[in-house]
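>>> no sequence on hand, only this structure:
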């Protein structure tokens, strides 16, 4: 399945909201060092360290597990 050029809705949504100009691009990252593990760890810190324990957090974990981290790192390295 394809969603706005990404593998799925979850990958597109995380890319859009966590790695947006407002959240991600305020930092001066070395784009060649961005890999899937970096993307997953960065998004985990942004999302899960700020959301209190709740039913919504359980839904977020399920959504998070669907993200294609390799695809996000590829897009970031191409920018």
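Yep, it's here. Quick caveat, the model's predicted, so the values are computed rather than measured.
>>> ok, residue 14 to residue 38 distance?
Separation of residue 14 from residue 38 (CB to CB, to the nearest Å) stands at 13 Å. Just so you know, the C-beta spots here come from the backbone N, C-alpha and C atoms, and that holds for glycine as well.
>>> if you count what's nearby, which of the two comes out ahead?
residue 14 (24 against 15; other CB atoms under 10 Å).
>>> count of residues packed around residue 57?
A count of nearby residues for residue 57, using other CB under 10 Å, gives 12.
>>> give me the distance between residue 10 and residue 33.
As for residue 10, its distance to residue 33 is 24 Å (criterion: CB to CB).
>>> show me where this structure dips below the pLDDT cut-off.
Low-confidence segments of the chain (pLDDT under 70): 1, 21-32, 50-56, 58-59, 79.
>>> residue nearest the centroid of it?
Central residue of the chain (CA atoms, centre = their mean): residue 14, 4.0 Å from the mean position.
>>> returning to that earlier point: more neighbours: which of residue 10 and residue 33?
Neighbours were counted for residue 10 and for residue 33 using other CB under 10 Å; residue 10 has more, 17 against 9.
>>> show residues contacting the helix ranked longest in the chain.
Longest among the helix segments of the chain by residue count, using DSSP state H, is helix 36-48. For helix 36-48, the surrounding residues in contact (CB atoms under 8 Å, 6 or more residues apart in numbering) are 14, 18-19, 23-24, 57, 60-61, 64, 67, 69-70, 72-73, 76.
>>> quick one, helices of the protein?
With DSSP H as the criterion, the chain has helices spanning 9-18, 36-48, 55-64, 69-78.
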